[in-house]
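Coordinates only, no sequence provided:
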């Protein structure tokens, strides 16, 4: 062996020895070593055991643990592996900051962007899978099964089917579903991508404006807001399901419902981050303006309410920076260019705006709920405004501070008032960050700085902890549902990997009650199981599966289906054709009312079968649909069948037969 080879071997040995010494003696190295063992040895082994593998050791553990306990252990370990990534990054960040001193803007961006990348990567590696668990609002979630099904059939939103939802909320889940080959996990996968991109945008805005710790908390908040497939609000009371013979309390609120609101809130956090003044005042660079313009275009094609608020913030951003006309012109031009580019590529722009304006005629004014929104969020409002109060107390507040801070507060309350839930004003964290940045920039009093940062940390702590626990809920619920016996809908291909936790239905036993006395005996089951909505999720699925069975007996190859309800679950479940012209979602006094609704000639021009639920999650909608369309459908369709849960009209009549039927209906 040559002398050079010997020296190289010695150097490699020394490097390896130094690395091993670091792993067992340094705190970061030791934590990293323990995490690596847990993540890449223990976690895969437990997952294999959970799914029936693991040999004799797996068999022993499955005998030692009941299925629920083992599934919760596996889910908990997955979450710890995810959280461990964040702990290691935070430890490395603290050490780097301590040794590097004051960080440059570039370094601050890299640190915050690193958190965004690690969070997204760790989520996909340790938590995400092609599995979705629903304990709430399955009827809303079916909207996105349907939208994905329509897009994959080649239909275009707002062109082939009316919807006030923007293309982003429809195309991204559809793209994710196409990539993974199913609906389960698609919204979660799309959400991780949205969280990463918005986190990077926030990191870009923050590097010139905030202390690194504040930037990191904003980025983490964006991720936790955008990613979990759950509501921002506690919805309904306790609910029970059965695992074997034991009742199990469902405390999670897992759903896809209104995930687009979560994405929009995350977008507002990033957009509002641009409103804080830079540490070193200067005209905004083109790159910064372009990032804000991209956020605005994203919100435009997501939900127009949030775009209006963010657009107003962008005008304030332009006018409060040097060279306002240049900033406003470049920003508006870039935003418009992206909006037009997407509009031309998808062909949705004009039709989308038409659908949005039609819906505003029904649900545009919700001012009656304003006081409720303020009352429910009063603690967060006070914490968010405390840094500004500290700034005012130190007599350093300016008119600009009052105007910008007031805008963020009023705009945030306005947006929550437009939603279907009234807690969780996520963008308030940007208001708190603005106040902290101003206090730290102008106040020489250390106590003022600590007071401002303390209130900001309290504002961030609750949603950060809640979001983290929701991620644990998601993965633990997925493992829990995998070990339960199959549900009645488990053989539906579209529902592969989709779990509905509230499986039990009080409707089926009541249907089978032979006598009125037996029905009365079974009625307590309804209250004993608990319910967060008019129907439990298992009851809703029982109703849906009854509709599936009815349609299977009536359908011919190539037939299309319209459902006059919150969602149209049947085309996706039956792999059937969605009728062009049928609305994506219908809800009384939200998207339609007795004066503003689609014409039947448009709604049913391509419909072979029309379904209206008789037992519904939103009974006011089904009642309105019968009132608006019942007579027209009876006149224009050959077959009208009322079953226990559905009214079905099938196969259109000829024009002459329909005209004759209308005359008969009119003469009654």
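Sure, I can see it. On a predicted model such as this, the values are computed, not experimentally measured, just so you know. Residues are numbered from 1 along each chain as shown.

all strands for the stretch 301-450 of the chain, in order.
Applying DSSP state E, counting those that start in this stretch to the stretch 301-450 of the chain gives no strands.

so where's it uncertain?
Applying pLDDT under 70 to the stretch 301-450 of the chain flags the ranges 364-368.

Go through this protein and flag its longest helix.
The single longest helix within the chain, with elements called by DSSP state H, is helix 446-482.

And that helix, what does it pack against?
Contact partners of helix 446-482 among helices and strands, from 3 or more Cβ pairs under 8 Å, 6 or more residues apart in numbering; DSSP states H and E: helix 67-100, strand 132-134, helix 212-226, helix 378-393, helix 428-442, strand 498-500. Every residue, glycine included, has its C-beta placed from N, CA and C.

Could I get the buried residue list for it?
Applying a neighbour-count criterion of 16 or more other Cβ atoms under 10 Å, one finds 448-449, 451-453, 455-457, 459-460, 463-464, 467-468, 470-482 buried in helix 446-482.

quick revisit: out of the helices and strands packed on helix 446-482, flag the one nearest residue 312.
helix 428-442 (14.0 Å; Cβ to Cβ).

and the closest one, which residues are buried?
Neighbour-count burial for helix 428-442, counted by 16+ other Cβ under 10 Å, picks out 428-441.

next one: stretch 311-328
Neighbour-count burial for stretch 311-328, counted by 16+ other Cβ under 10 Å, picks out 311, 313-314, 316-318, 321, 327-328.

How far does that stretch stretch from one end to the other?
End-to-end distance for stretch 311-328: 11 Å, by Cα to Cα, to the nearest Å.

What of stretch 482-491?
Counting by Cα to Cα, you get 14 Å between the two ends of stretch 482-491.

Stretch 237-248 too?
End-to-end distance for stretch 237-248, by Cα to Cα: 14 Å.

surely residue 639 meets residue 652?
No: assessed by Cβ atoms under 8 Å, residue 639 is found out of contact with residue 652, at 10.2 Å.

more neighbours, these two?
When neighbours are counted by other Cβ atoms under 10 Å, residue 639 and residue 652 differ, and residue 652 comes out ahead with 19 against 11.

Distance-wise, check residue 241 relative to residue 427.
35 Å (Cβ to Cβ, to the nearest Å).

Please name the residues that touch the spatially closest residue to residue 87 that is not a sequence neighbour.
Excluding the flanking residues, the one nearest residue 87 by Cβ to Cβ, 6 or more residues apart in numbering is residue 31, at 6.6 Å. By Cβ atoms under 8 Å, 6 or more residues apart in numbering, the contact set of residue 31 is 84, 87-88, 91.

quick one: which of those is nearest residue 186?
Of all the contacts of residue 31, residue 186 sits closest to residue 84, with 26.7 Å by Cβ to Cβ.

And that closest one, what's its pLDDT?
Looking at residue 84, its pLDDT stands at 95.

give me every residue that touches it.
Residue 84 touches 31, 35, 38-39, counting by Cβ under 8 Å, 6+ apart.

Report the buried members of the residues you listed.
Using 16+ other Cβ under 10 Å as the burial test, the contacts of residue 84 include 35, 39 as buried.

so how many other residues sit close to residue 89?
Number of residues near residue 89 (other Cβ under 10 Å) recorded here: 18.

Leaving out sequence neighbours, find the closest residue to it.
According to Cβ to Cβ, 6+ apart, the nearest residue to residue 89 is residue 118 (5.1 Å).

I'd assumed residue 82 was in contact with that neighbour.
No: Residue 118 is not in contact with residue 82 according to Cβ under 8 Å; the separation is 9.9 Å.

Who has more neighbours out of those two?
residue 82 (24 against 17).

give the contact list for that one.
122-123, 126-127, 471.

what separates it from residue 478, distance-wise?
For residue 82, the distance to residue 478 - Cβ to Cβ - is 13 Å.

before we move on, what about residue 275?
Residue 275 sits 39 Å away from residue 478, going by Cβ to Cβ.

that older thread, what is the nearest of the buried residues of stretch 311-328 to residue 218?
residue 313 (15.0 Å).

In this structure that closest one contacts residue 270, no?
No: counting by Cβ under 8 Å, residue 313 sits too far from residue 270 to count as a contact (10.7 Å).

among the contacts of residue 82, which are in helices?
Using DSSP H, these in helices are 122, 471.

Including distance to residue 296, could the contacts of residue 82 go into TSV?
Below are the contacts of residue 82 laid out as TSV (distance: Cβ to Cβ, whole Å):
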residue	distance to residue 296
122	29
123	26
126	33
127	30
471	29
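
Of the contacts of residue 82, grab the buried ones for ChimeraX.
Buried members of the contacts of residue 82 can be picked out in ChimeraX with the line below, counting by 16+ other Cβ under 10 Å:
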select :122,123,126,127,471
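
quick one: which of the contacts of residue 82 is nearest to residue 549?
Closest to residue 549, out of all of the contacts of residue 82 and judged by Cβ to Cβ, is residue 127, at 35.7 Å.

Can you tell me how far that closest one is from residue 75?
Applying Cβ to Cβ to residue 127 and residue 75 gives a distance of 9 Å.

do residue 265 as well
Distance, residue 265 to residue 75, using Cβ to Cβ: 26 Å.

What of residue 624?
On the measure of Cβ to Cβ, residue 624 and residue 75 end up 42 Å apart.

what sits against the residue most central in space within the chain?
By Cα atoms, centre = their mean, the chain has its centre lying nearest to residue 259, at 2.6 Å. Residues near residue 259 by Cβ under 8 Å, 6+ apart: 144, 169, 187, 191, 229.

mind running it again at 10 Å?
140-141, 144, 169, 173, 187-188, 190-191, 194, 226-231 (Cβ atoms under 10 Å, 6 or more residues apart in numbering).

Only whichever of those are buried, select them in PyMOL.
Here is the PyMOL command that selects the buried residues among these (16+ other Cβ under 10 Å):
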select buried, resi 140+141+144+169+173+187+188+190+191+194+226+227+228+229+230+231
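
now, among the contacts of residue 259, which is nearest to residue 393?
Closest approach between the contacts of residue 259 and residue 393, by Cβ to Cβ: residue 226, at 34.7 Å.

quick revisit: so what sits against both of residue 127 and residue 75?
Both residue 127 and residue 75 are contacted by 472, 474-475, 478, under the criterion Cβ under 10 Å, 6+ apart.

any chance of those in CSV, plus distance to residue 409?
Listed next are the shared contacts of residue 127 and residue 75 as CSV, based on distance: Cβ to Cβ, whole Å:
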residue, distance to residue 409
472, 32
474, 31
475, 35
478, 38
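
For these, give me JSON lines that also has pLDDT and distance to residue 161.
Shown next, in JSON lines, are those (pLDDT from 0 to 100; distance: Cβ to Cβ, whole Å):
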{"residue": "472", "pLDDT": "91", "distance to residue 161": "37"}
{"residue": "474", "pLDDT": "92", "distance to residue 161": "30"}
{"residue": "475", "pLDDT": "94", "distance to residue 161": "34"}
{"residue": "478", "pLDDT": "94", "distance to residue 161": "31"}
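
And the protein, split by domain according to the record?
Domains of the chain are assigned by automatic domain parsing as 14-102, 103-479, 537-667.

closest one to residue 502 among those?
Taking Cβ to Cβ, domain 537-667 is the member of those nearest to residue 502, at 3.8 Å.

That closest one - what's its average pLDDT?
89.

again, but for stretch 154-171
The average pLDDT within stretch 154-171 is 95.

in it, what's buried?
Applying 16+ other Cβ under 10 Å to stretch 154-171 flags 155-158, 160-171 as buried.
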